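In: A structural model of the following input is requested.
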Amino acid sequence: MKFNLLATDTTSAARAATLTTAHGTIETPIFMPVGTAATVKGVHQRELKEDIKPDIILGNTYHLYLRPGVEVLQQAGGLHRFMGWEYPILTDSGGYQVYSLSANRKIKEDGVKFKSHIDGSYHIFTPESAISIQRSIGADIIMAFDECTPYPCDYNYAKASMDRTHRWWTRCKKAFVHSKPLYGYEQHLFPIVQGSVYSDLRQASAEFVAKQEAKGNAIGGLSVGEPIEEMYAMTAEVCTILPKDKPRYLMGVGTPVNILENIALGVDMFDCVMPTRNARNGMLFTSHGTINIKNKKWENDFSALDSEGHSFVDKSYSKAYVRHLFTVNEMLGKQIATLHNLNFYLWLVREARKHILAGTFGSWKYRMVQQMDKRL
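Out: Numbers count the residues shown, from 1 in each chain. Model prediction:
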């Protein structure tokens, strides 16, 4: 893996770079569509490759472990071959999904015992098994197993959780070093900064992670219900400590405005289910704000889905038409909305990159935040 920093904005910490992996080069800042179960929900691989064209997508270790399982993935030759995707993939470690199963899991020093949301069967994730599973999946970039703390979270628990995440990183790194990739190309392991919304813990965790000399670093435990100002404050603290010559990945974030604000703080990589999940519920993101396409106000609006007329999807799909598809519960409505939102997210980070390289990011970002931060 090679990270090549090309430019830094003069008015913020925003960066433009390239990140080269075995399956291709990623231009940052980048948004990674989430392919939870070996597919980006509602989108054909052909549409991903030919229309959206993301440099990298994300897979979920927890879901892939349960179905189709590591044996099937190994027999297929890894996730790339299994799903017919020849470009970069990143996998999380399962830590966030385990966190979300708070009523059905038990955290101990050795690892986490949890109950499957599918059939109620019990399973155990440890730092070592998380690495082994991700070796079987075969993603280019893999994550250390961590504990994602909830919000709110008291200081003592946040510190204990952070310390455990650091110990788990040491075990992950050992398991990674003492194992080999299964499919003939390199994988790269990122540690994760934790510490809830406590400044001293975030600083301590970032300093710990910075010393690990990993190929890249992730920031976890944010966008879990904390006030938006807390997210930005913690990200800013961490980005001043993490190495400038390594990519920074903010996990699970977020809205278009969140992404632009965190790019300005120095983050390079993002993922979130929001563009696909919200699309299926009729929420469209545009350059002038969000639209609930199911509202009656769009019934006779024959304009393009984005008011500036950007080609996020075929311009022949009007607001009125997509609203009609949702009204009659036609699957095509959700598909068009998903394509629109994903294309919009990728357009947004690519425009951010252009403006960073051109030296105009600050004024452009200010205008875009003002436009997007409202309901239409």
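
In: residues in contact with the least confident helix or strand in the chain by mean pLDDT?
Out: In the chain, the helix or strand scored least confidently by mean pLDDT, DSSP states H and E is helix 95-100, which has a mean of 75. Helix 95-100 is contacted from outside by 60-63, 105, 112, 114, 125, 130, 143, 145-150, 192, 220, 224, 251-252, using Cβ atoms under 8 Å, 6 or more residues apart in numbering. (Each C-beta comes from the backbone N, C-alpha and C, glycine too.)

In: in that helix, which residues are buried?
Out: By neighbour count with 16 or more other Cβ atoms under 10 Å, helix 95-100 contains the buried residues Gly95, Tyr96, Gln97, Val98, Tyr99.

In: what is the nearest of those residues to Glu330?
Out: Set against Glu330, the nearest of the buried residues of helix 95-100 by Cβ to Cβ is Gln97 (31.1 Å).

In: that closest one and Asp55, how far apart?
Out: Here the criterion is Cβ to Cβ, to the nearest Å. By it, Gln97 lies 24 Å from Asp55.

In: could you dump the buried residues of helix 95-100 into CSV and include distance to His44?
Out: As requested, these are exported to CSV (distance: Cβ to Cβ, whole Å):
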residue, distance to His44
Gly95, 30
Tyr96, 27
Gln97, 25
Val98, 30
Tyr99, 31
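
In: let's see which of the contacts of helix 95-100 end up in helices.
Out: Helix and strand membership here follows DSSP state H; of the contacts of helix 95-100, those in helices are Thr61, Tyr62, His63, Ala130.

In: my guess is the third one contacts Thr39, does it?
Out: Spelled out, it's His63. No: with contact defined as Cβ atoms under 8 Å, His63 does not count as touching Thr39 (10.6 Å).

In: list the buried residues of the top helix by length along the chain.
Out: In the chain, taking DSSP H as the definition, the longest helix is helix 331-358. By 16+ other Cβ under 10 Å, the buried positions in helix 331-358 come out as 333-353, 355-356.

In: now stretch 353-373
Out: Judged by neighbour count using 16+ other Cβ under 10 Å, the buried positions of stretch 353-373 are Arg353, His355, Ile356, Phe361, Gly362, Trp364, Lys365, Met368, Gln371, Met372.

In: again, but for stretch 304-324
Out: Counting neighbours by 16+ other Cβ under 10 Å, one finds that the buried residues in stretch 304-324 are Ala304, Leu305, Asp306, His310, Phe312, Val313, Tyr317, Ser318, Lys319, Tyr321, Val322, Arg323.

In: got phi/psi on the first one?
Out: Looking back up the chat, that one is Ala304. With angles defined as degrees, to the nearest 10, Ala304 sits at phi -60, psi 160.
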